[in-house]
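Below is the structure, and that's it, no one-letter string:
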């Protein structure tokens with residue numbers, strides 16, 4: 001897997017080239033209509049191996065702060081309010097509880113979240129060829145986030161692209177096609193792969209922008225690498241795929257091509 005170092009120069013895919021990639025990955029996956037998707041690559045053996053690599057025991061959060069103010073990348077921010085403050089419960093003596101209410105547009109460009117396999121449909125189907133009609137206003141009858149109800153445990157692999165290129169972040173529109181060899185790691189079956197493009201740092205230092213139409217991320221061709229290595233989870237500090245899309249009018253091409261569970 002090579003390292004792409006010229007921002008924005010990766011060849012664009014035609015719609016037919018993208019459909020060809022999509023078909024190859026579907027055929028390679030085989031019959032996965034009743035599986036947990038790429039989470040099936042995590043086995044007791046891969047979990048034991050991952051646990052054996054723990055050295056310091058230090059934990060690092062991958063969550064981003066929940067945004068409650070509107071911005072160009074978050075026009076419908078989360079809402080949070082205290083519904084029953086203790087001081088409003090009739091005096092200061094005795095036992096009282098503070099209660100609150102929280103509402104959130106999960107699939108935005110500002111808040112961290114984990115997508116389910118039913119999140120994206122392409123040509124009328126979800127992951128594994130399941131009809132998109134299985135997702136209704138009442139919920140999903142297949143491929144919901146419940147497939148991960150036991151939690152996700154495995155070896156985490158971080159590919160830090162800005163550090164590799166010697167920059168604080170990648171500019172919106174830049175494509176990531178590699179980094180593994182240059183960072184002296186090997187991505188393997190069942191790994192939880194995290195690709196940092198510097199999105200959060202750019203947002204923190206330069207302010208939010210319309211990330212739905214301009215962001216750095218993976219080129220669709222990188223999906224073949226993920227499929228070959230049988231990666232279980234793909235995550236990142238942004239949306240993981242580039243915008244403007246490298247496939248013409250197809251938005252979020254990475255998710256149509258491989259649909260791994262993500263951040």
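Received the coordinates, thanks. Computed from a prediction, not measured in an experiment: that's the story for all the values here.

and residue 222, how many neighbours?
By other Cβ atoms under 10 Å, 25 other residues sit near residue 222. All C-beta atoms are positioned from the backbone trio N, CA, C, and that covers glycine.

Actually, residue 236.
Going by other Cβ under 10 Å, the residues that sit close to residue 236 add up to 25.

Let's see the pLDDT reported for it.
Residue 236 is assigned 92 on the pLDDT scale.

same deal with the one 5 residues further on?
Model confidence at residue 241, given as pLDDT, is 89.

my read: residue 161 touches residue 197, true?
Yes - counting by Cβ atoms under 8 Å, residue 161 touches residue 197, with 5.5 Å between them.

Now do the shared contacts for these two.
170, 176 (Cβ atoms under 8 Å, 6 or more residues apart in numbering).

could you pull out the strands for the stretch 51-200 of the chain?
Taking DSSP state E, counting those that start in this stretch to define them, one finds strands in the stretch 51-200 of the chain at 79-84, 99-103, 135-136, 139-140, 156-160, 175-176, 192-196.

Give the other helices and strands that the fourth one contacts.
To tie it back to what came earlier, the one meant is strand 139-140. Contact analysis of strand 139-140 by 3 or more Cβ pairs under 8 Å, 6 or more residues apart in numbering; DSSP states H and E lists no helix or strand as a packing neighbour.

Next: the third one.
If you count contacts as 3+ Cβ pairs under 8 Å, 6+ apart, strand 135-136 packs onto no helix or strand.

Give me the distance between residue 113 and residue 195.
Distance of residue 113 to residue 195, computed by Cβ to Cβ, to the nearest Å: 16 Å.

more crowded one of the two?
Of the pair residue 113 and residue 195, residue 195 is the one with more neighbours under other Cβ under 10 Å, namely 22 against 15.

okay, the strands of the stretch 51-200 of the chain, which one's buried deepest?
Burial of the strands of the stretch 51-200 of the chain is given as mean neighbour count (mean count of other Cβ atoms under 10 Å); strand 175-176 ranks first at a mean of 25.

which helices and strands sit right next to that one?
Helices and strands touching strand 175-176, as assessed by 3+ Cβ pairs under 8 Å, 6+ apart, comprise strand 217-218.

what's the next secondary structure element after the strand it packs on?
Counting by DSSP states H and E, the next helix or strand C-terminal to strand 217-218 is helix 222-229.

Show me what secondary structure element comes after that following helix.
Heading C-terminal from helix 222-229, the first helix or strand you meet, by DSSP H and E, is strand 233-236.

all helices of the chain, in order?
Applying DSSP state H to the chain gives helices spanning 15-29, 44-51, 161-165, 199-206, 222-229, 253-257.

Quick one: residues in contact with the fourth one.
In other words, helix 199-206. By Cβ under 8 Å, 6+ apart, the residues outside helix 199-206 that reach it are 64, 73, 110, 162, 168-169, 209, 211, 215-216, 236-239.

pLDDT below threshold where in the chain?
Within the chain, the ranges that satisfy pLDDT under 70 run 1-11, 30-34, 88-92, 178, 245-263.

50 instead?
Low-confidence segments of the chain, defined by pLDDT under 50: 1-8, 255-263.

Between the helices of the chain, which one is closest to residue 130.
Minimum separation from residue 130 across the helices of the chain (Cβ to Cβ) falls at helix 15-29, 12.1 Å.

Now do the buried residues in that closest one.
For helix 15-29, a neighbour-count test (16 or more other Cβ atoms under 10 Å) marks 17, 18, 19, 21, 22, 25, 26, 29 as buried.

Could you do stretch 45-62 as well?
Quick answer for stretch 45-62 (16+ other Cβ under 10 Å): 46, 50.

Next, the distance between the ends of that stretch.
End-to-end span of stretch 45-62 (Cα to Cα, to the nearest Å): 25 Å.

Contacts for it, please.
By Cβ under 8 Å, 6+ apart, stretch 45-62 touches 112, 153, 154, 155, 156, 189, 190, 191, 194, 235, 263.

my guess is residue 170 meets residue 197, correct?
Yes - here residue 170 reaches residue 197: they are 4.6 Å apart, a contact under Cβ under 8 Å.

Now the common contact residues for those two.
161, 162, 176, 216.

thinking again about what came up before, any chance of the contacts of helix 199-206 in a markdown table, plus distance to residue 82?
Formatted as a markdown table, the contacts of helix 199-206 follow (distance: Cβ to Cβ, whole Å):
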| residue | distance to residue 82 |
| --- | --- |
| 64 | 22 |
| 73 | 27 |
| 110 | 23 |
| 162 | 39 |
| 168 | 37 |
| 169 | 36 |
| 209 | 31 |
| 211 | 30 |
| 215 | 34 |
| 216 | 38 |
| 236 | 33 |
| 237 | 30 |
| 238 | 32 |
| 239 | 32 |
